[in-house]
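**Q** Show me how the following folds:
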Amino acid sequence: MGYSVLSARDATDALAIVSEQHVDLVLADIKMPGINGLELVRQVHEFAPDLPCIVVTGYGSAEHSVEALRAGAFWYLEKPFEQGHLDVVRRLVEQAIEVGRLKTENRILQSQLQAKYRFSNIVGNSAALRNVLDIVSKVADADSTVLVTGESGTGKELIARAIHFNSRRAGRMFVTVNCGAIPEHLLESELFGHVRGAFTNAVNHREGRFTLANEGTIFLDEIGDMSPSLQVKLLRVLQDGTFEPVGSSHSMTVDVRVIAATNQNLEEAIRERRFREDLYFRLNVIPIEVPPLRERPDDIPVLVSHFLEVASQEQGGTVEDISQEALELLCAHSWPGNVREIENLMERLVILGSGGEIQAKDLPPPFHQPAAQRPSAPVIPPSGLSFRDTVDDFEANLIRQALEQTQWNKNRAAQLLRMNRTTLLEKIKKKGLDQPER
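**A** Presented below is the predicted three-dimensional model:
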């Protein structure tokens with residue numbers, strides 16, 4: 001078959017070879033003097049857990065087969081090998097080596113992920129970020145549900161991954177679900193799976209994300225966009241770890257840690273009856289609020305340097321540094337897109353730049369404009385004013401500005417105001433803000 005083969009007289013000799021050099025597969029007889037084949041498999045896996053072993057014997061039985069698999073053998077073969085059986089052996093060897101390779105690759109990737117998401121690798125030195133990381137380090141190894149809040153682009157998923165990869169569940173799956181990106185009629189199946197025939201086109205059984213995340217962590221992003229009917233089912237999973245796949249009458253039980261995230265104000269959503277209060281309290285066991293970048297300006301130079309280096313390495317760019325003038329303009333920017341906006345800008349500058357040092361002239365136009373002034377509060381006259389009417393007028397003015405800036409695109413206006421679209425539509429209707437005729 002083209003493989004290089006090393007021979008060993010007995011299990012002791014085999015263990016010496018495996019400990020001294022890399023091998024891809026062990027084929028071992030069961031009946032050997034001294035240590036038998038099953039014990040050899042157990043000892044091999046103590047220091048090489050990903051190394052596949054196939055055991056061979058001339059005394060086949062169902063009991064021996066089960067014992068071999070329990071010992072950790074990839075498979076079990078009976079002698080003698082007749083000519084017609086050699087293709088079976090060939091395929092088995094190929095499959096065992098491929099499985100061993102995938103296990104090793106997966107273990108390396110897991111190790112790299114754990115290294116990547118160490119707390120020390122999260123970029124920023126501000127007190128606000130350090131306070132967040134202090135909470136994260138304390139809750140990582142617990143199983144408590146965590147609710148991560150903050151504006152878009154602040155790094156909520158990064159915080160969730162840091163929690164998982166620094167927990168006792170780090171060796172298991174970290175499964176992400178964007179509740180706002182999946183249509184409501186598909187999200188239930190995505191979360192809980194479905195059985196064959198549960199609905200049109202459900203031609204096969206499918207496991208849901210909760211099943212995939214068993215003994216690991218599931219990250220429910222944009223949890224505020226989940227429909228009320230699904231919120232009820234999620235509440236049940238949080239209460240007792242059980243759910244029913246779509247179309248099934250049988251409950252499944254999982255052991256999953258839940259981390260949820262949102263950029264919405266869930267307390268406001270509760271008042272507007274868009275989010276269940278009991279679910280909020282189940283999710284909000286450990287609240288973590290990730291501050292926006294404008295509240296931690298000390299992190300801007302560090303993030304610029306970090307993403308500049310990352311983009312240069314990934315894109316093969318020759319940009320080496322950034323001028324002081326350009327850095328001052330970046331530090332004065334409000335960064336509505338937060339950390340993600342910095343990351344995207346650095347990638348853009350590296351790709352479009354001519355190399356060397358980034359100058360102020362290389363920055364896009366918005367960075368050369370003076371920072372927007374905050375709207376001033378109305379002055380209270382000696383005769384007083386109506387607080388409610390003044391706040392309503394101020395709110396209507398902000399909504400009208402957002403709509404005009406986005407050419408009355410309500411989705412984009414809601415994003416500008418960091419408001420749920422449904423809430424914005426309700427306020428537009430309540431305040432009678434009609435689009436002007438052209």
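**Q** Please report the distance of the spatially most central residue of the chain from residue 285.
**A** In the chain, the residue lying closest to the centroid (Cα atoms, centre = their mean) is residue 176, at 4.8 Å. Counting by Cβ to Cβ, to the nearest Å, the gap from residue 176 to residue 285 is 20 Å. C-beta: built from backbone N, CA, C; applies to glycine.
**Q** now for the helix or strand containing the residue nearest to the centre of the chain, which elements pack on it?
**A** Assigned by DSSP states H and E, residue 176 falls within strand 174-178. Where contact means 3 or more Cβ pairs under 8 Å, 6 or more residues apart in numbering; DSSP states H and E, strand 174-178 is packed against helix 156-165, helix 184-192, helix 209-212, strand 217-221.
**Q** Indicate which one of these is closest to residue 15.
**A** With Cβ to Cβ as the criterion, residue 15 lies closest to helix 156-165 of the helices and strands packed on strand 174-178, at 33.4 Å.
**Q** What is that closest one packed up against?
**A** helix 86-116, helix 127-139, strand 146-149, strand 174-178, strand 217-221, strand 257-262.
**Q** ok, 6 Å please
**A** If you count contacts as 3 or more Cβ pairs under 6 Å, 6 or more residues apart in numbering; DSSP states H and E, helix 156-165 packs onto no helix or strand.
**Q** how big is the angle separating it from helix 86-116?
**A** Interaxial angle, helix 156-165 versus helix 86-116 (axes from the mean of the first three to the mean of the last three Cα atoms, to 10 degrees): 110 degrees.
**Q** Show me how far helix 156-165 is from its chain's centre.
**A** In terms of Cα atoms, centre = their mean, to the nearest Å, the centre of helix 156-165 is set 7 Å apart from its chain centre.
**Q** So for that helix, mean pLDDT?
**A** Model confidence over helix 156-165, given as mean pLDDT, is 93.
**Q** For it, C-alpha coordinates in CSV please.
**A** Provided in CSV are the C-alpha atoms of helix 156-165 (Å, rounded to 0.1, in the frame of the first residue of the first chain):
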residue,chain,number,x,y,z
LYS,A,156,-19.4,40.8,22.8
GLU,A,157,-18.6,37.5,20.9
LEU,A,158,-14.9,37.9,21.9
ILE,A,159,-15.9,38.1,25.5
ALA,A,160,-18.2,35.0,25.1
ARG,A,161,-15.3,33.0,23.5
ALA,A,162,-12.9,34.1,26.3
ILE,A,163,-15.4,32.8,28.9
HIS,A,164,-15.7,29.4,27.1
PHE,A,165,-12.0,28.8,26.3
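**Q** roughly how far apart are residue 108 and residue 102?
**A** Per Cβ to Cβ, residue 108 is found 11 Å from residue 102.
**Q** do residue 387 as well
**A** 65 Å.
**Q** what helix or strand is residue 40 on?
**A** helix 37-47.
**Q** list the helices and strands that helix packs on?
**A** strand 26-29, helix 62-71.
**Q** now the angle between helix 86-116 and the next helix or strand after it, please.
**A** The C-terminal neighbour of helix 37-47 among helices and strands, as given by DSSP H and E, is strand 53-57. Computed by the same axes, to 10 degrees, the angle separating strand 53-57 from helix 86-116 equals 150 degrees.
**Q** nearest to residue 3, of the helices and strands packed on strand 174-178?
**A** When the helices and strands packed on strand 174-178 are ranked by proximity to residue 3 (Cβ to Cβ), helix 209-212 comes first, at 34.7 Å.
**Q** need the contact list for the residue nearest to residue 39 when sequence neighbours are not counted.
**A** Nearest non-adjacent residue to residue 39, counting by Cβ to Cβ, 6 or more residues apart in numbering: residue 11, 7.0 Å away. Applying Cβ atoms under 6 Å, 6 or more residues apart in numbering to residue 11 gives the contacts 32, 35, 40.
**Q** and with 8 Å instead?
**A** 28, 32, 34-37, 39-40, 43 (Cβ atoms under 8 Å, 6 or more residues apart in numbering).
**Q** Just the buried residues from the residues you listed, in PyMOL please.
**A** In PyMOL syntax, the buried subset of the contacts of residue 11 is picked out as below (16 or more other Cβ atoms under 10 Å):
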select buried, resi 28+32+35+36+37+40+43
